[in-house]
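Chemist: Mind looking at a prediction? Sequence and model below.
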Amino acid sequence: MVFVPTRGPVDLRHLSLWWRWTPGACWRFPEGTGSSVDDRLDHPVVHVAYEDAAAYATWVGAALPTEAQWEYAARGGLEGASFAWGDEPRPGGRIMANTWDGADFPWRSAGESGWSGTAPVGSFPQNGYGLFDMAGNVWEWTSDCRTASRSGLLRW
């Protein structure tokens, strides 16, 4: 699936309006045939299946984190904050993560971050544990899925 901005406002309950099945889309060709990662080797990888992520983790002698482990790492030592970096969405006006810019999702981005799609790893401040991009940019795989009813937390 490839994210495709719409031409105007849409019913957000219908994900198929901004996610499009794109044959050939994979980590080497993120937007499908004809696209490439050659000009974004410093960006996070996308279009990786869970099984491939788990196999890679095993290959390097590690494991995918649990949702609780990911949440702990993402918060960088903060407890109970609204965001991974604190309680303000933009402290001092600074954008802290690569998320949708503006209120008109998925059709009109304000473009404030300077990135359309993914941003290079490390484009935004590290968290309290020295980790980059733990909020925004791309979705990450975890080895389990915690729910609001089980943990009181929802992953952003």
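Modeler: Happy to help now that I have it. Numbering: from 1, shown residues only.
Chemist: where's the residue nearest the centre of the chain relative to residue 91, distance?
Modeler: Geometric centre of the chain, nearest residue: residue 138, 2.1 Å, by Cα atoms, centre = their mean. Distance, residue 138 to residue 91, using Cβ to Cβ, to the nearest Å: 23 Å. From N, CA and C alone the C-beta is placed, and that goes for glycine too.
Chemist: How about residue 38?
Modeler: Distance, residue 38 to residue 91, by Cβ to Cβ: 35 Å.
Chemist: And these two? Which one has more around it.
Modeler: Using other Cβ atoms under 10 Å as the criterion, residue 38 and residue 91 rank with residue 91 on top: 13 against 7.
Chemist: tell me the contacts of the residue nearest to the more buried one when sequence neighbours are not counted?
Modeler: Among residues not flanking residue 91 along the chain, residue 85 sits closest, at 7.0 Å (Cβ to Cβ, 6 or more residues apart in numbering). Listed by Cβ atoms under 8 Å, 6 or more residues apart in numbering, the contact partners of residue 85 are 76, 78, 91, 96-97, 125, 127, 135.
Chemist: Quick one: buried ones out of the residues you listed?
Modeler: Using 16 or more other Cβ atoms under 10 Å as the burial test, the contacts of residue 85 include 76, 96-97, 127, 135 as buried.
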